[in-house]
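Participant: Give me coordinates for this.
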Amino acid sequence: MKKHHHPEETVPADLPVADDASAESPSELDALRAERDQLAMDLEQLRDRFARIQAEFDNARKRESRERADFRDFAVSGAVEKFLPILDNFHLALEHAAPNDPLRNGVELIVKQMEEALRSLGVTTVDTVGTPFDPRFHEALESVPSPDLPDHQIITEVRRGYRIKDRLLRPALVRVASNPTPQN
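Facilitator: Next up is the predicted model:
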């Protein structure tokens with residue numbers, strides 16, 4: 001299908017404009033129109049290619065940012081895991097210290113500072129006592145017969161579990177209720 005030149009179409013400045021006195025031959029005009037149509041198609045292809053390259057660039061930038069955040073979380077989790085046994089020992093010291101012992105106050109401050117530092121790094125504790133046992137976050141140390149509690153409910157926490165964002169750093173060690181009779 002041939003395209004016809006309309007007066008509202010713009011003609012590039014470097015192309016000669018035909019007037020009534022100097023009309024170009026129909027074959028030259030058709031060649032110019034074909035060239036114009038080809039240039040318009042090429043321009044559209046280049047625009048499409050540019051849009052695709054720009055989308056690829058945006059995706060690469062987002063992927064790099066996500067990988068950088070994942071690497072940071074991995075590096076933080078490696079360092080945090082080394083400090084968790086130390087924090088466990090401070091918690092044990094608090095359990096065995098006398099309520100009015102001045103040393104207890106110092107240990108409580110240290111524990112509070114360490115827990116705040118962990119929170120600032122995105123580290124949270126795993127919920128335990130009173131929640132149902134979940135093997136993704138809990139490690140059962142023992143099962144304790146408890147007819148008054150629902151089966152598989154966590155009774156005590158032996159060692160805290162920790163997560164960094166959605167990743168488990170360390171499962172919580174827990175004691176779980178065992179109740180063979182259904183609770184209604």
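
Participant: Name the nearest residue to Arg160, ignoring sequence neighbours.
Facilitator: If you skip the residues right next to it in sequence, Arg160 has Thr125 as its closest partner in space, 5.4 Å away by C-beta to C-beta, 6 or more residues apart in numbering. C-betas here are computed from N, CA, C, even on glycine.

Participant: The one you found and Lys62: what is the separation?
Facilitator: Distance check for Thr125 against Lys62: by C-beta to C-beta, to the nearest Å, it reads 31 Å.

Participant: Just give me the neighbour total for Ser77.
Facilitator: The burial metric for Ser77, expressed as a neighbour count using other C-beta atoms under 10 Å, is 20.

Participant: Report all helices and strands that the longest helix along the chain contacts.
Facilitator: Among all segments of the chain classified by DSSP state H, the helix with the greatest residue count is helix 26-96. Counting by 3 or more C-beta pairs under 8 Å, 6 or more residues apart in numbering; DSSP states H and E, the packing neighbours recorded for helix 26-96 are helix 102-120, strand 162-164, strand 167-170.

Participant: swap the cut-off to 10 Å and go again
Facilitator: On a contact count with 3 or more C-beta pairs under 10 Å, 6 or more residues apart in numbering; DSSP states H and E, helix 26-96 meets helix 102-120, strand 123-125, strand 154-159, strand 162-164, strand 167-170.

Participant: and the fourth one, how far out from the chain's middle?
Facilitator: This means strand 162-164. Relative to the chain's own centre, strand 162-164 is displaced by 15 Å; criterion: C-alpha atoms, centre = their mean, to the nearest Å.
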